[in-house]
Structures are given as structure tokens and as C-alpha cells.
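**Q** sequence and computational prediction follow.
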Amino acid sequence: MDPTDVTGTYTYRSFLNEPDIVDDFNKLQFAEAELTLVASLNGKITGRLSWPTKEDDSERAMMIIEGDLVSREPALIRLRGTGAKGSDIEAFEYVYELTLAKHWPETTHPRTCLVGSVMRAKDHGTAKAGITASVIAVQRDFREPRDIPGVMLAPTTVTMLAGKWHRLWHAAWHTVRGEWPNFKREETRTAIRELGWEVARPPRKKRTDGNNLILDNGAGEDFLFMHRWMIKMVRDDYARQGLPPPASWKKLPPADTAQIVYSPSTNSSGVVIFAKDAAASGNMVPSTGDWVKTPDYFSSVMRQWEVTYASPSVLASLSLGALGNLLEFTIHNAMHNRWMTPARDPDTGELIIDPQTGEPGERPSFAFSDKWNSPKYDYLGEFYSSHVNPVFWRLHGWVDDRIEDWFKAQEVSRPGVIKRRQLHGAEWFEVNRPWIIVDKPFVGVSLDGHSGHHAHGTGNAGGDHGHHHGGGSGPQAAEIDTMLKVMAAIEKDALEPVPLSLDTAARAVPRARVSMRFELPGQL
């Protein structure tokens, strides 16, 4: 058993060890609660055990869990739970010894279960220490953020973001920008240039030249502005409905965050209570065993980036373009990978499996049928879908807030040098080299006049690549058609003819797969 197998949310049940048959099974119940466990690679385990104290589940009693994965084969977990300090159950203390229930190879619906026993470690009230009970903890399916009230996006916003225009904009913008230096045919660049999608500032060098970041050409300004305008679209849509917009992370959610959070506060009697906190919910990291999802990666890598990108001295030393490029290809990409769940087919709900690797995959790169415009396809790991996921707006809000930190640091170091301006209705900055060098950031489409109205109209027009892509009229339909042509040019460049042989006809096969995933730092 790997430590990451422990991480998850469980329904916890314990039963009195009554040896005789009982006439009512409920007489055996000792406790029922929700258990959340998060394991580090060294086997250290933290978590929470909680149960409702109100019928509407708006408040819970909370026990703090700490322990270890003592052995892996066979699995043995030892935990200690203590009542939250200052709460009504502060005196509670229980110890648990659990193991992994057998996975039967013949089962049709395997589910992780922890089984074992619990003992009351000390008296509390009239309850005496020493009593034991048997435990079964059944792991739950991960609850997607889109399904959590208070976390899910507003319906009109989902309609806007899941529409074909917005999906293609985000996908085409990232893809053409990433692939621009790597096209093998100059006519590909020419075709894309004629469509109005020329990339003047690629963020990286060619892969054959090392794929290194380019920090002095302003590419990071393109990244920061384009996503600031995406945030503006969403906030405008919320404002039209009189709703508060999705809030950005002020700090990255810690590694032991539960999917539904109950935050502490003190009531009028001075007792600590734990009330449901929608704003803090939806941030749990889904465990898949990937290094980027572990508490260890968070503490050793992501927390260090977070501190660095909030440092006034660091921010004052960087141009806005350098900051944007560094943010994009370090902490931003890592956040996408850390919080993503495996992609699922929106029609069937089944995991998408990459046919070449047999590993979890995503939408085929150049598949643009209406199937993939379903709001259920909100996979955080790729360009065509990530912005439909509620977590996208939290993490990009955090990235966008670094722009204001950068401006404040510049004001301290060189007061008045960086001046603000309005650009397409968004707060931005005047050119002042070397700190700001781009007058017109690359966005691909025309932003003037859109103002978020892509929530309406022909956002789902289109079909699979190679078919007619019309469906509707007006600027939106025309831009959809243009973006599909851009993607078709990229796909064509990725195909390479195979020479004629005695037993094969000349045909085109993929030269290299065009990835639309957010690559982890260090990947090529």
C-alpha cells in the first residue's frame, strides 16, 4: 500500500463489539462520521473526523487526526484523534488501528475500505476510557467542485465558458503560442499569420534548442493580460446578475484541506464551533499518486514559489513579462496539475484512456465536436476545458493578484515609473521599457465589443475537424471558424508524409502529438 492510497474522504462507522445477536442492528452503532485523511510520502497522516451537530449539517463537531502508515505490506495505520481545542469535545481522545480490506479481483465495483478497531483513550464526561469498537471506513468518490453548492459557477457563466467560442479561444491561444517556434513548415506560420493569429512573442525557444523560457520579449505580458481579460468576462457576467464573483485564493490551500470545509469560530459562550465554509470548500487535492499532488510537493516546491512570487524584492527586480512567463511555467502549470482530476468522457462518465500509453488521457487534441462542449467536460489539465472548472478562477485569481503585488513593489522601488492605463476595459499599464514592453498584448480575437456576451448566441456551433464548422452568423461564428482554421493548420503541420514502399501507400501520420495539456515544470 502506498501512502497516497490512504488520502481521501471516508464514511466512518464504528460498531460495539456485542457478541450476541441483536434484534435491532442500530443497537450496535457506536459512531458514524466523515473522515478525511491526507498522507505524505513518508507515511505521516493528518486529517479530520467530524459529524453534524445540527440537522442541516451547517455545523459539526471536529476531531483532529494524526498518525502514521506503520507498514505497507500488510498495510497498518495507527491514528490518534483529539477533540478540537476550545470546542465542546476538547476532552475526546481516541486511538485507531486500521488496515486495508482485501480487494477481491472478481469484484465489479472495487472500493477502498479501511477496517480495524478504535479505543477510547481517556475519560470524557461519564464515558470511561478503555471501551473498544470495530471500525469500517469506506472511501467516497471525489466530489467535483462543479457539484458543490457555493463552489459551482453561476449557470450563465458556465454556459458562456463551456461554449465553443470560449473553449476555442483558450485552446487556440495557448496552443498556437506554444507551438509557434516548433512548426516545421514556414507555410504554417504564414497561414496562421494571414488568419490574424501571428505570435510575435513565443514564451519559449524551440524544443530542439532546449525549450528554455524567454524572459525578455514580453511574452509573459501576453499571458497575464489575456487571463486578466478572461477574469473580467466572468466578473462582468456575475455583475450583471448582482452576484459576487468567484474569489481568488489569497494563500494556496494547504495540503490537508477537506473538500467540504468547516471553519472554526467562537460563539457568544466562548466555545469554538465549526461552521460550513463554502468559500474555503472545493479545494481538496484529488489523490492519484502523482508527485505533484502530494503534501511533500506542496511544502518543498509550491510553498517556496508562493513565497518567492510574493516577495517585494523579487517582484521589484522583474519586468512584468519576466514575471508572467515565470508564473505561467512554474506555479501556474503546477496548480493546474495539482488540482486536476482525471478527465472523463462527458457522455459516459468513464475515464478517458490514452490509446497509446494506456494511462488516463483527455480529449483528442483536434476533436471539436459538440460532445466536448458539455459543461461536464471541465478537466483542469487541458486548454479546451480547464476554464470551465471553478478551481480555474481561484488559481488564476491568485496569479492575477501577483500583478498588483508587482505594481506595488515597483512603486516602492521606482515611484511613478509604471503608469496605469485602460486596455479593452481592463486595468493595465503603459509601455515603459524594460519593465513594460508590449503595447498590444497578443489575444488572437477582437475583444472590443464582446464584454462577456459570448454567453449567448452560437457558442456550440460546429463539428468534428474536417467537417463544416458554421452554424450561426455574426462576429462570434466568424471567430469560431477562424480559430478552427488555426487549429487545422497546427494539426496539418503535425502530420508528416510516409515515403512510398512496396506494401504501403503514401499517407500522413502524426509526426509528434500536439499536447494541449499544461506541462509540469521541467517537462519538454
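**A** Here it is on my side, so go on.
**Q** quick check: buried residues in the helix or strand hosting residue 303?
**A** Take DSSP states H and E as the rule and residue 303 turns out to sit in helix 303-308. If you call a residue buried by 16 or more other C-beta atoms under 10 Å, then helix 303-308 has these buried ones: 305, 306. For glycine as for every other residue, the C-beta is placed from the backbone atoms N, C-alpha and C.
**Q** that one: how far from the chain's middle?
**A** The offset between the C-alpha centroid of helix 303-308 and the centroid of the whole chain comes to 18 Å, using C-alpha atoms, centre = their mean, to the nearest Å.
**Q** what are the contacting residues of it?
**A** The set of residues external to helix 303-308 that reach it, using C-beta atoms under 8 Å, 6 or more residues apart in numbering, is 251, 252, 314, 330, 331, 334.
**Q** any idea which of the residues you listed is closest to residue 371?
**A** The shortest separation between residue 371 and any of the contacts of helix 303-308 is 29.3 Å, and it belongs to residue 334 (by C-beta to C-beta).
**Q** compute the number of surrounding residues for that closest one.
**A** Using other C-beta atoms under 10 Å, residue 334 is surrounded by 21 other residues.
**Q** residue 521 is in contact with that one, correct?
**A** Yes: with contact defined as C-beta atoms under 8 Å, residue 334 counts as touching residue 521 (6.2 Å).
**Q** show me the contacts for the nearest residue to residue 226 once chain neighbours are set aside.
**A** What sits nearest to residue 226 in space, not counting adjacent residues and going by C-beta to C-beta, 6 or more residues apart in numbering, is residue 443, at 5.3 Å. In this structure, residue 443 makes contact with 173, 222, 225, 226, 229, judged by C-beta under 8 Å, 6+ apart.
**Q** ok, and the most crowded of those residues?
**A** Taking other C-beta under 10 Å as the neighbour criterion, residue 222 ranks highest of the contacts of residue 443 with 27 neighbours.
**Q** tell me how many other residues surround the closest residue to it other than its chain neighbours.
**A** The spatially closest residue to residue 222, leaving aside those adjacent along the chain, is residue 442, at 4.3 Å (C-beta to C-beta, 6+ apart). When counting by other C-beta under 10 Å, one arrives at 21 neighbours for residue 442.
**Q** and the one 5 residues further on, by the same measure?
**A** Taking other C-beta under 10 Å as the neighbour definition, residue 447 ends up with a count of 19.
**Q** other residues contacting the helix or strand where residue 62 lies?
**A** With secondary structure defined by DSSP H and E, residue 62 is part of strand 59-72. Strand 59-72 is touched from outside by 1-3, 6, 35, 37, 39, 43-53, 75-84, 87-89, 92, 94, 96, 262, 264, 273-276, with contacts defined as C-beta under 8 Å, 6+ apart.
**Q** tell me the helix or strand right after that strand.
**A** Using DSSP H and E, the first helix or strand after strand 59-72 is strand 75-83.
**Q** please work out the average pLDDT along the helix or strand following that following strand.
**A** Sequence order places strand 93-100 as the next helix or strand after strand 75-83, per DSSP H and E. Mean pLDDT, computed over strand 93-100, is 98.
**Q** buried ones in strand 93-100?
**A** Neighbour-count burial for strand 93-100 flags 93, 94, 95, 96, 98, 99, 100 (criterion: 16+ other C-beta under 10 Å).
**Q** over to stretch 205-220?
**A** Within stretch 205-220, the residues that count as buried by 16+ other C-beta under 10 Å are 211, 213, 214, 215, 217, 218, 219, 220.
**Q** now, those that are in strands?
**A** Secondary structure from DSSP state E places none of the buried residues of stretch 205-220 in strands.
**Q** strands of this protein, residue ranges please.
**A** Along the chain, counting by DSSP E, strands occupy 8-16, 29-39, 44-52, 59-72, 75-83, 93-100, 113-120, 132-139, 262-266, 272-276, 420-423, 426-429, 495-498, 507-510.
**Q** ranking the ones you listed by mean pLDDT, which is last?
**A** Ranked by mean pLDDT, the strands of the chain bottom out at strand 507-510, which scores a mean of 54.
**Q** give me the below-cutoff pLDDT ranges for the stretch 351-500 of the chain.
**A** Residues of the stretch 351-500 of the chain meeting the criterion pLDDT under 70: 449-473, 497-500.
**Q** tell me the buried residues in stretch 104-113?
**A** Judged by neighbour count (16+ other C-beta under 10 Å), stretch 104-113 contains these buried residues: 112, 113.
**Q** other residues contacting that stretch?
**A** The contact list for stretch 104-113, computed with C-beta under 8 Å, 6+ apart, reads 5, 8, 100, 101, 103, 136, 137, 138, 139.
**Q** so what's the fourth one closest to, chain neighbours aside?
**A** With C-beta to C-beta, 6+ apart as the measure, residue 113 is the residue that lies nearest to residue 101, at 4.0 Å, once sequence neighbours are left out.
**Q** and for the third one?
**A** Distances taken as C-beta to C-beta, 6+ apart place residue 75 nearest to residue 100, at 4.1 Å, with adjacent residues excluded.
**Q** burial check on residue 200, number of neighbours?
**A** Each residue near residue 200 was counted by other C-beta under 10 Å, and the total is 13.
**Q** now residue 301
**A** 18.
**Q** before we move on, back to that, the residue nearest to residue 100 and residue 18, how far apart?
**A** 27 Å (C-beta to C-beta, to the nearest Å).
**Q** compare these two and say which is more crowded by neighbours.
**A** Counting neighbours by other C-beta under 10 Å for residue 75 and for residue 18 shows that residue 75 has the greater number, 18 against 10.
**Q** correct me, but residue 330 touches residue 522?
**A** No: using C-beta under 8 Å, residue 330 is not in contact with residue 522, being 9.6 Å away.
**Q** tell me which of those two has more neighbours.
**A** When neighbours are counted by other C-beta under 10 Å, residue 330 comes out ahead of the other of residue 330 and residue 522, with 19 against 7.
**Q** nearest residue to that one other than its sequence neighbours?
**A** Closest residue in space to residue 330, ignoring its immediate chain neighbours: residue 521 at 5.1 Å, by C-beta to C-beta, 6+ apart.
**Q** would you map the helices across this protein?
**A** Counting by DSSP state H, the chain has helices at residues 155-162, 164-179, 186-194, 219-240, 295-297, 303-308, 312-317, 320-327, 333-339, 390-413, 475-493.
**Q** quick check: pLDDT value at the closest residue to residue 314 other than its chain neighbours.
**A** With C-beta to C-beta, 6+ apart as the criterion, residue 314 has its nearest non-adjacent residue at 5.6 Å, and that residue is residue 308. What the model reports for residue 308 is a pLDDT of 98.
**Q** kindly report the same for the one 3 residues further on.
**A** Turning to residue 311, the model gives it a pLDDT of 98.
**Q** please determine how far it is located from residue 328.
**A** Between residue 311 and residue 328 the computed distance is 18 Å (C-beta to C-beta).
**Q** the more surrounded of these two?
**A** Looking at residue 311 and residue 328 with other C-beta under 10 Å, you find the greater number of neighbours at residue 328, namely 21 against 13.
**Q** what sits closest to that one if chain neighbours are left out?
**A** residue 223 (4.9 Å).
**Q** now do residue 40
**A** Ranked by C-beta to C-beta, 6+ apart and with sequence neighbours excluded, the top spatial neighbour of residue 40 is residue 295, at 4.6 Å.
**Q** surely residue 446 and residue 476 touch.
**A** No: using C-beta under 8 Å, residue 446 is not in contact with residue 476; the gap is 10.6 Å.
**Q** ok, these two, which is more surrounded?
**A** Legend: neighbour count by other C-beta under 10 Å for residue 446 and residue 476, higher for residue 476 (22 against 12).
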